[in-house]
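Participant: Okay, sequence plus prediction incoming.
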Amino acid sequence: MRLFLPLLFIILLGSTIQAQDNSLTFSSGELQSVADRLSGNAQYWPVILELAEHNVPENTFYLTAEDLLILSNLSDLNTEFEAQRSRIKGLVESGAAIFAENELDDVQQMIANYQAAIKTGDIDKLFEIGQNLGSAIDHAEKVLQENRIADIEAQIERKQGIVERRQGLLGQWTNADRGDLLKQSDGIKTLEQSYASLSFSDGSALKVDPSTTAIIRRSRIDRLSENTDTEISLENGSVLARLSAAGKERSSYILNAGTSSTELRSRNFFAETDSSDTVKLTNYDGEASVNSNDVVITIGKNEGTIVERGKAPLPPRKLLPAPAIPWASSDTVISNDRFLFRFNVVAKASQYRIEYGADNNFSGNTNGRTVNDNQLLINNIPDGIIYVRVQAIDSLGLRGPFSNTVRILRSDDRKAPPVFINDSQNNIIFTLNSRKTLTGITEPSARLSVSGSEVSVSPSGKFSFTLTNLNDEHMIPVKVSDRSGNSSEKTFKVIRLQENKLFDINYTGATGTDTVVYSQNNISISGTAYPGLTFIIENNNFIKEVKTDMNGRWGATLYPTDGYLIIKVLNTGSSKEYFSRSVRIQSE
């Protein structure tokens, strides 16, 4: 092969190039062509000049066999250099300029130094930089991933009964309180007749039923795309996963139970497992992909499946429909502490699951009973309101969707009849207009007056009345009495919300209105509105929910990042959104 090397170079470079004894001679006019063929890139011609001997009278250049070997190695280096440099574009697109700024600057400086070494023909410098460039890019990529992907915490939003938490996989179980934060590898456990609800940063929630243990395997956020990555393992018991609209569309949510792993794209998904290694999965919205024993199936809305250890999931099974409630009204008024809750029979149902309690969201203070018949006698009903719903269970134990929620109002005959006005929270009612029609319920045949004027009550106890000329705050006295002469009076405060007052906001550590400029790592936001409101503060991946106190005051502290500051005003009881305002926020 060495004998034919000069001939090969002669063929490649043309007849003007002369070669002998594995060396190479060429004219000055072919300098760039030689650089391109020997080093892989014409821009390396200064390196050729640095290596070659220059015959000035003939204006030719001479490369020895040793020079040709160096250029062959340089050609390999150039190929590797270009491959590494192409990775830099991907790093920039992935946010390296933000999350690995210093490391990216170091890589760019190495590129600049490499280009400078080409122009000066510094061969040693070229090989030094070229051989270290890959490691520098690897380091930048590692720092990018570490800074871009951040762990996030889930908060215990509600709890009832005995709830415990565990920090890390090897920690001890200790008592958990509302407001506690759980991070990756932490666990939550409920005992009998206990509930808990976890909230995640993207608005998703996990309701943990009694006698349940669940582990947060992964809880992270991509700071660039703001997508979250959550993985929950259900060790025993049952959970209800509720994904937010944002979580359903752009986040990854994995729920593991038994030998199954389910990717959720659903805003309402229920999982249940027991000690027999059987998992029951039911989906009430969107779809979910269930993987077990290397077999993947998709269950759609109101479908379910069963997974047994070591087996593939059963084919998707249609859930039974929700039982119908054979009442003319969803509200019922009772006078004693027991009530027979009846519902229509569902064909092929083997059992029914009934939930009732004072929480209209059924996320806390809830009782659950499983019955074989289409009725349940509910005992020990307290004065006030309880909410009831029911679902049908098929022969495999899969739970169908819940029925409409009914409301039961209890009032003792020895007491004045109750009066409830819809959309009221602690006797406060909000409106955006000068005219407001209020609806409510009391006992059938009760007499009702509003601000001294009598209001008719329907046979079912429902009533409505309209207020006009509302401006700011109005006190509305409501009096109710029954045929026995029992009467009571309750005063409701009707508030017409004023946007300017709600967004009269004070900033500590920041200034501005249309554009808020902050000068320190954390800032405080506060204002005075009305009791019964909830303010939601959003800044990129930061979301904070704050309720007003009894005087309407509220406040929050956040660690701002440049972008937009969004403030929403909601009704605390109904979560109805009244106003939303967005301003630009930036560092000083």
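Facilitator: Received it, and whenever you're ready, just let me know what you need.
Participant: what about the helices in this structure?
Facilitator: Under the criterion DSSP state H, the chain contains helices at 5-13, 31-39, 45-51, 65-93, 96-99, 101-120, 123-148, 245-250, 499-502.
Participant: For the third one, name the packing helices and strands.
Facilitator: Packed against helix 45-51 by the contact rule (3 or more CB pairs under 8 Å, 6 or more residues apart in numbering; DSSP states H and E) you find helix 31-39, strand 60-63, helix 65-93, helix 101-120, helix 123-148. To be clear about C-beta, it is placed using only N, CA and C from the backbone, and glycine gets the same treatment.
Participant: do you know which of the helices of the chain lies nearest residue 493?
Facilitator: With respect to residue 493, and counting by CB to CB, the nearest of the helices of the chain is helix 499-502 at 15.3 Å.
Participant: What average pLDDT does that closest one get?
Facilitator: Mean pLDDT, computed over helix 499-502, is 89.
Participant: repeat for stretch 513-532
Facilitator: Rounded mean pLDDT across stretch 513-532 is 89.
Participant: pLDDT weak spots in the protein?
Facilitator: 1-21, 245-248, 275-276, 328-329, 364, 412-414, 483-485 (pLDDT under 70).
Participant: thinking again about what came up before, got the helices of the chain as CSV, with distance to residue 206 and mean neighbour count columns?
Facilitator: CSV is the format used below for the helices of the chain (distance: least, CB to CB, whole Å; neighbours: other CB atoms under 10 Å):
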stretch, distance to residue 206, mean neighbour count
helix 5-13, 68, 15
helix 31-39, 60, 19
helix 45-51, 62, 18
helix 65-93, 34, 15
helix 96-99, 29, 18
helix 101-120, 36, 15
helix 123-148, 25, 17
helix 245-250, 11, 16
helix 499-502, 32, 13
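Participant: a markdown table for those, including distance to residue 468?
Facilitator: Below are the helices of the chain laid out as a markdown table (distance: least, CB to CB, whole Å):
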| stretch | distance to residue 468 |
| --- | --- |
| helix 5-13 | 96 |
| helix 31-39 | 87 |
| helix 45-51 | 88 |
| helix 65-93 | 59 |
| helix 96-99 | 55 |
| helix 101-120 | 60 |
| helix 123-148 | 56 |
| helix 245-250 | 37 |
| helix 499-502 | 21 |
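Participant: I'd say residue 143 and residue 106 touch.
Facilitator: No: Residue 143 is beyond contact range of residue 106, at 10.3 Å (criterion: CB atoms under 8 Å).
Participant: anything in contact with each of these two?
Facilitator: Counting by CB atoms under 8 Å, 6 or more residues apart in numbering, residue 143 and residue 106 have no contacts in common.
Participant: circling back to that earlier point, and the helices of the chain: which comes nearest residue 159?
Facilitator: Comparing these under CB to CB, the one sitting nearest is helix 245-250, at 22.1 Å.
Participant: can you give me the strands in the stretch 451-588 of the chain?
Facilitator: 453-455, 462-467, 473-481, 487-496, 506-508, 510-511, 515-518, 523-528, 533-539, 542-547, 553-558, 563-571, 577-587 (DSSP state E, counting those that start in this stretch).
Participant: So which residue is dead centre in the protein?
Facilitator: For the chain, residue 202 is the residue whose C-alpha lies nearest the centre (CA atoms, centre = their mean; 2.6 Å).
Participant: Disregarding flanking residues, what is the spatial nearest neighbour of residue 132?
Facilitator: Spatial nearest neighbour of residue 132, chain neighbours left out: residue 110 (7.2 Å); criterion: CB to CB, 6 or more residues apart in numbering.
Participant: same check, this time on residue 62
Facilitator: residue 53 (4.5 Å).
Participant: for residue 456, same thing?
Facilitator: Residue 456 sits nearest to residue 463 (CB to CB, 6+ apart), 6.7 Å away.
Participant: In contact with that neighbour, which residues are there?
Facilitator: The neighbourhood of residue 463, defined by CB under 8 Å, 6+ apart, consists of 439, 440, 441, 442, 448, 455, 456, 457.
Participant: cutoff 10 Å now
Facilitator: Residue 463 makes contact with 419, 421, 438-442, 446, 448, 450, 455-457, 478, 480, according to CB atoms under 10 Å, 6 or more residues apart in numbering.
Participant: So what sits opposite it in the bridge?
Facilitator: Assessed by DSSP bridges, residue 463 has beta-bridge partners residue 440.
Participant: quick one: it from residue 421, how far?
Facilitator: Taking CB to CB, to the nearest Å as the measure, residue 463 falls 9 Å from residue 421.
Participant: Need the residues touching each of the two.
Facilitator: 438, 439, 440, 441, 442, 450, 478.
Participant: Most widely separated two among those?
Facilitator: Maximum distance among these (CB to CB): 14.1 Å, for 441 and 450.
Participant: Surely residue 43 and residue 31 touch.
Facilitator: No: with contact defined as CB atoms under 10 Å, residue 43 does not reach residue 31; the gap is 11.7 Å.
Participant: quick revisit: please identify which of the helices of the chain is closest to residue 377.
Facilitator: Using CB to CB, those put helix 245-250 closest to residue 377, at 38.9 Å.
Participant: can you count the residues close to residue 521?
Facilitator: 9 (other CB atoms under 10 Å).
Participant: Many thanks, we can stop here.
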